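Participant: the following comprises the amino acid sequence and a computationally predicted model.
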Amino acid sequence: MVSRENKEATIQFFEEHHYFNYPKEKIGFFEQGEMPLLGKEGELLLEEDGTIKFASDGNGSIYRSMEEKGILEEMKKNEIEWIYISSVDNILLQMVEPVLLGLTIKQKNEIASKTIVKRDAQEKVGAFCRKNGKPAVIEYTELEPEMAEKRNEQGELVFGESHIMCNLFSIHALEKIAKQTLPYHIAFKKINYYEEGKLVEAESPNAYKFEQFIFDSFPFFHNITLLRGKREEDFAPIKNKEGKDSPQTAIEWYNRKWSKKKKEND
């Protein structure tokens, strides 16, 4: 799934790298949805030509987009029963995790996710929980500080099971979710826009962006299979330009993992 803004660049990247020696006809691209951007006072932000400025509406729009673009129908024709959905910013993500798939089938669930233990209470990751008896994830921006710090009798964080965007769905689950309406979350972002034909460059957050999250589909099911992984093997996110969770730290984790694997196999 790509956005309108990065679609051409993404396809060009795959072309330049010869689709990483994978059959070109087996790789598809489809655009996600969009929502208008609002300024601090609730005004619509504009593009240079005076049209309303839009932005992609979060990874949760994948369900509706897959149905609208015919992706689900194509999967059914190809007799695909299980689908992994992940983000591109985790260099250690293990796609097509056989243990997770087997465990999900054994537990007779339709959805699953791999997790890791939070590094600390302040780590910027969503946390698994049950909400009104249903599986759910609380985004870190919406988790109250006292809840984030809460620990059980064993000293573990109560909300310490991280959602790392390694998700598994049955094709039937995706069809079900595509018919639902997911809630929108508000993000306050730094966005450039035009006013009376002149570019206004934002120096600090100035606009509200509306996003749906992929985990907002979880409460439509009674249960979810969770498989806890290891940070050093499953999670090296790229969230910042420098410092913690940056390209540099991700590469370090990546090299460390595969150096270890090589030694084990020698």
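Facilitator: Right, received. Where do you want to start? Values in this document were obtained by computation on a predicted structure and should not be read as measured data.
Participant: for stretch 183-196, give me every contacting residue.
Facilitator: If you take CB atoms under 8 Å, 6 or more residues apart in numbering as the criterion, stretch 183-196 is touched by 35, 37, 39, 45-48, 50, 53, 55, 57-58, 139, 141-142, 199-213, 216. The C-beta positions use only the backbone N, C-alpha and C, and glycine is treated the same way.
Participant: cool, stretch 153-161 as well?
Facilitator: By CB under 8 Å, 6+ apart, stretch 153-161 touches 115, 117-118, 121, 127-129, 138, 143, 147-152, 226, 228.
Participant: hmm, 7 Å instead?
Facilitator: 115, 117-118, 121, 127-129, 138, 143, 147-148, 150-152, 226 (CB atoms under 7 Å, 6 or more residues apart in numbering).
Participant: repeat that for stretch 199-211.
Facilitator: With CB under 7 Å, 6+ apart, stretch 199-211 has contacts from 35, 37-40, 45, 55, 57-58, 184-194.
Participant: any idea of the mean pLDDT for that stretch?
Facilitator: For stretch 199-211, mean pLDDT rounds to 95.
Participant: returning to that earlier point: buried among the contacts of stretch 153-161? Make that a ChimeraX selection.
Facilitator: Burial among the contacts of stretch 153-161 is assessed by 16 or more other CB atoms under 10 Å; the matching ChimeraX selection reads:
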select :115,118,121,127,128,129,138,143,148,226
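Participant: given the strand or helix carrying residue 84, what are its sheet partners and their directions?
Facilitator: Taking DSSP states H and E as the criterion, the element that holds residue 84 is strand 82-86. If you go by DSSP bridges, strand 82-86 pairs up with strand 161-170 (antiparallel).
Participant: in the helix or strand following the strand it pairs with, which residues are buried?
Facilitator: Toward the C-terminus, strand 161-170 is succeeded by helix 171-178 as the next helix or strand (DSSP H and E). Residues of helix 171-178 classed as buried: 171, 173, 174, 175, 176, 177, 178 (neighbour count, 16+ other CB under 10 Å).
Participant: contact partners for the last one?
Facilitator: For residue 178, the contacting residues are 63, 64, 66, 67, 72, by CB under 7 Å, 6+ apart.
Participant: count the residues that sit near the second one.
Facilitator: Taking other CB atoms under 10 Å as the criterion, the count of residues near residue 64 is 19.
Participant: just confirm it is within a helix.
Facilitator: Yes - Residue 64 forms part of a helix when assessed by DSSP: H, G, I helix; E, B strand; the rest coil.
Participant: excluding sequence neighbours, find me the nearest residue to it.
Facilitator: In space, and not counting its chain neighbours, residue 64 is closest to residue 178: 5.8 Å by CB to CB, 6 or more residues apart in numbering.
Participant: what segments of the stretch 1-150 of the chain are helices?
Facilitator: Secondary structure of the stretch 1-150 of the chain by DSSP state H, counting those that start in this stretch: the helices cover 7-16, 62-68, 71-77, 98-106, 145-149.
Participant: ok, residues contacting the second one?
Facilitator: Going back to what we said before, that points to helix 62-68. 1, 30, 31, 32, 33, 72, 85, 174, 177, 178, 214, 217.
Participant: which residues in the stretch 101-250 of the chain form strands?
Facilitator: 111-117, 126-131, 134-138, 161-170, 185-189, 193-195, 198-200, 207-211, 225-228 (DSSP state E, counting those that start in this stretch).
Participant: in its sheet, what does the fifth one sit against?
Facilitator: When you say that, I think you mean strand 185-189. Short version: by DSSP bridges, strand 185-189 pairs with strand 207-211 (antiparallel).
Participant: do the second one as well
Facilitator: With DSSP bridges as the test, strand 126-131 is paired with strand 134-138 (antiparallel), strand 161-170 (antiparallel).
Participant: distance of residue 56 relative to residue 189?
Facilitator: 12 Å (CB to CB, to the nearest Å).
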